[in-house]
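Peer 1: Whatever this is, show me its structure:
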Amino acid sequence: MKLIIISGRSGSGKSSALHALEDEGFYCVDNLPASMLKDLPVSLKSGSDEPPKMAVSIDVRNVPGSLEHFPSLLANLKDQGINCQVVFLDADSNTLMKRYSSTRRKHPLSNDTTSLIEAINLEKQLLAPLAEEADIRIDTSPLSVHDIRQQICQRICGEAGKSMTLMIQSFGFKHGTPTDADFIFDVRCLPNPFWVESLRPYNGLEQPVQDFLSSEPEVNDMLDDLKAFAEKWVPRFESGQRSYLTIAIGCTGGQHRSVFISEYLGQWLKERFERVQVRHRELSR
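Peer 2: Below is the predicted model:
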């Protein structure tokens with residue numbers, strides 16, 4: 001049986017992720033007490049129809065202290081032959097605050113003496129044992145509900161036997177580094193089109209910026225090194241039965257250099273690997 005354990009801070013999109021899995025045929029349980037994980041294999045096998053795919057969400061609403069035992073509970077499941085995968089969703093604290101302000105819902109840890117931001121920060125500490133066990137981490141800060149569902153389906157519900165999905169993502173360091181990246185490359189050392197007044201209104205997908213950057217020797221050196229890295233190491237991750245690999249390229253604002261480099265690298269990789277996606281985080285904001 002395949003078991004997906006969804007966790008993350010409140011407001012990060014756990015419900016959307018669980019609904020996406022339910023639509024894909026998973027038997028889903030929301031807010032499962034962590035202590036019940038140890039009895040899950042017995043409960044499932046005692047039934048006449050064991051669900052082949054199951055997803056549960058575990059969050060901070062658990063009994064105090066129970067989350068600390070999650071690593072041992074997870075190990076117990078694996079010892080009993082359950083194919084487990086832990087997915088941890090998160091977003092930056094400012095995004096979580098905005099989401100709570102827009103929905104006007106009460107945070108499960110906030111009360112008369114604990115403010116919303118204090119509750120959000122405390123929740124991060126309490127969920128650390130689950131975050132450390134995560135097989136997949138998704139930063140939902142820039143994602144819509146539709147984007148969250150799409151990423152869950154891509155990463156978990158992909159057809160068996162297909163090759164690894166490779167994500168190339170541009171971002172701006174001033175907006176924070178992506179928490180779900182496997183590799184982060186900093187291209188802020190390259191010439192910046194932002195300081196060329198005529199190029200400032202354009203982004204890395206547009207021809208004037210592309211012409212400027214492609215004419216710079218340092219940019220081409222960086223591209224050669226990134227291609228060499230990808231050509232050598234991506235196949236090794238793929239051969240290790242990895243299902244998803246994210247390479248993030250960052251510049252200052254995420255508008256020019258990182259976009260150009262990511263787009264070029266992504267198109268080059270598409271000629272060599274079956275499943276390549278390119279995403280520009282700041283351009284989608």
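Peer 1: In contact with the nearest residue to residue 33 once chain neighbours are set aside, which residues?
Peer 2: Leaving out its chain neighbours, the residue that sits closest to residue 33 by CB to CB, 6 or more residues apart in numbering is residue 62, at 5.8 Å. Bear in mind the C-beta positions are built from the backbone N, C-alpha and C, glycine included. Residues in contact with residue 62 (CB atoms under 8 Å, 6 or more residues apart in numbering) are 33-35.
Peer 1: quick one: low-confidence parts of the chain?
Peer 2: Within the chain, the stretches with pLDDT under 70 are 41-51, 158-163, 240-241.
Peer 1: on contacts alone, who are the packing partners of the longest helix along the chain?
Peer 2: The longest helix of the chain (DSSP state H) is helix 217-239. Secondary-structure packing of helix 217-239 (3 or more CB pairs under 8 Å, 6 or more residues apart in numbering; DSSP states H and E): strand 244-251, helix 257-270.
Peer 1: cutoff 10 Å now
Peer 2: Where contact means 3 or more CB pairs under 10 Å, 6 or more residues apart in numbering; DSSP states H and E, helix 217-239 is packed against strand 165-172, strand 183-186, helix 207-214, strand 244-251, helix 257-270.
Peer 1: what angle separates that helix from helix 257-270?
Peer 2: 50 degrees (axes from the mean of the first three to the mean of the last three CA atoms, to 10 degrees).
Peer 1: Give me the distance from helix 217-239 to the chain's centre.
Peer 2: 22 Å (CA atoms, centre = their mean, to the nearest Å).
Peer 1: And the contacts of it?
Peer 2: With contacts defined as CB atoms under 10 Å, 6 or more residues apart in numbering, helix 217-239 is touched by 163-166, 168, 182-183, 185, 187, 189-191, 212-214, 216, 242-245, 247, 249, 257, 260-262, 264-265, 268-269, 272-276.
Peer 1: hmm, 8 Å instead?
Peer 2: Applying CB under 8 Å, 6+ apart, the contact partners of helix 217-239 are 163-164, 166, 185, 187, 189-191, 213-214, 245, 247, 249, 257, 260-261, 264-265, 268-269, 272-273.
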